[in-house]
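**Q** Curious how this folds, go ahead:
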Amino acid sequence: MKSNTTKVCFLADIHNLLDDRVYWKEALSLKKNGYDVHYILAGNKAEKGITEEGINFIKIKRRIYVKNRFLNYLFNKIFPGGLYSKMFSKAAAIKADVYHFHDLRVNKIGKKLKLLPCQPIVIYDVHEPHSENILDYLNTKGIFTFIKNIYAEYIRRWEIKCAKNYDFIITTEENLRDRFRKKIPSDKVDIIYNYTNLENTRENTDYKDKIYDVIYCGGITKLRGAFKILEAAKIASREKNNLKVLFLGSYFPENLKSEMQEFIKQNNLEGNVILHDSVPYTRVSEFYNKSKIGLGIFLPIKTHRIILQIKIFEYMNYGLPIVGSNFGHINDYIKKENIGIAVNPEEPKEIAGAILKILNNPELFRKYSDNGIAAVDKKYRWDFMEKKLIGIYSNLLNR
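**A** All right, here's what the predicted structure looks like:
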């Protein structure tokens, strides 16, 4: 790298300040290796400061059009109110050596960043398959589905077109890497896997002292199996009446939690299912250390066939056998590392059967648990990705 004062500016309009990948992994890894890290992002209020870990940040206030958070999100996408021009102005003032941005629509200013007089390096960090997200998460009928399909294809092409202007593209898994490599030289595209950095928070908790039989951690939606898990809990609790299933995360849409509470009430599962809101990243270990099995029940949509879920590595880190979908990355890791049971995510009986099989077989539980911990310690720690990230930065800055 140029020097120990090389200046890096992260930009994001969706990810929050203390995002597990952007902040706790990438930003702090760069900070630890001598970089001066700044982070410009969108937020509910304008503020600036320096975090406890020494990351400079600037939050640009999003406009509030309506009280409904999802309608407001949509309006901000259509009428961003100068968010990106403000973001560009703040970023330009930093005069960074590297601009590293993380969200699709920040591409609106990506080329302008590249053309700044300071001649910066520009990196685009692709976390999601954006065109597939549009197809999967926008519910449409008739002509609107036709329009949605056209829009998704436009976004796919626009993203690639923008990416050609940058110095490097980082993805989180192989499918997206290969998508970009079809249009961009392969030496300008690589993967930084979202491996876990929580190995130091792992506790050797006795099995009998664990509180939760099953945990699902992450964004909670119907497409991520919320009701399939509830139905499985209903079935499994008939055999194991003291079964404890924990949901830990944010609920989308905002009425989902109340729908789940109604299901729990109607099926007398109040003593079996706990709906917990999301907690700061630094507190997640409290719940993992008290859990036995990790769930990844993703329904078979296009997005889920592509993304590599961080919870796979977190479950392994804490020795949680995984009951996960029988397709995509989660299926591959379950089989490759022998860390759990892959199931049809649309069959609650199969999910319940896998949970009970692991809970009722201490030797099987221990085998899956030990395999997961060993795999993380040997292959899936963030330390390995930190070295790779620093190597990418060094190569780019030394060109």
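**Q** Name the residues of stretch 132-146 that are buried.
**A** Glu132, Asn133, Ile134, Leu135, Asp136 (16 or more other Cβ atoms under 10 Å). The C-beta positions use only the backbone N, C-alpha and C, and glycine is treated the same way.
**Q** Please apply the same query to stretch 171-182.
**A** So stretch 171-182, judged by 16+ other Cβ under 10 Å, has buried residues Thr171, Thr172, Glu173, Asn175, Leu176, Arg177, Arg179, Phe180, Arg181.
**Q** Over to stretch 189-204?
**A** Buried residues in stretch 189-204, defined by neighbour count with 16+ other Cβ under 10 Å: Val189, Asp190, Ile192, Tyr193, Asn194, Tyr195, Thr196, Asn197, Leu198, Glu199, Thr201, Arg202.
**Q** So in the chain, which strand runs the longest?
**A** In the chain, assigned by DSSP state E, the strand with the most residues is strand 36-43.
**Q** name the helices or strands packed onto the very next helix or strand once past that strand?
**A** Sequence-wise, the next helix or strand downstream of strand 36-43 (DSSP states H and E) is strand 47-50. If you count contacts as 3 or more Cβ pairs under 8 Å, 6 or more residues apart in numbering; DSSP states H and E, strand 47-50 packs onto strand 56-61.
**Q** quick one: average pLDDT of the strand it packs on?
**A** On average, the pLDDT along strand 56-61 is 97.
**Q** Taking strand 36-43 as reference, get the angle to that strand.
**A** Using axes from the mean of the first three to the mean of the last three Cα atoms, to 10 degrees, the direction of strand 56-61 lies 20 degrees away from that of strand 36-43.
**Q** Sheet partners, orientation included, of strand 56-61?
**A** The pairing partners recorded for strand 56-61 under DSSP bridges are strand 36-43 (parallel), strand 47-50 (antiparallel).
**Q** And the first one, what's buried?
**A** Residues of strand 36-43 classed as buried under the neighbour-count rule (16+ other Cβ under 10 Å) are Asp36, Val37, His38, Tyr39, Ile40, Leu41, Ala42.
**Q** Distance of the third one relative to Leu30?
**A** Translated: His38. 11 Å (Cβ to Cβ, to the nearest Å).
**Q** Show me the common contact partners of those two, please.
**A** Taking Cβ atoms under 8 Å, 6 or more residues apart in numbering as the criterion, His38 and Leu30 both touch Val8.
**Q** ok, and the closest non-adjacent residue to Leu295?
**A** Once flanking residues are discounted, Leu295 sits nearest to Tyr216: 4.4 Å by Cβ to Cβ, 6 or more residues apart in numbering.
**Q** and the one you found, that one's in a helix?
**A** No. Remark: Tyr216 does not belong to a helix; assigned using DSSP: H, G, I helix; E, B strand; the rest coil, it is strand.
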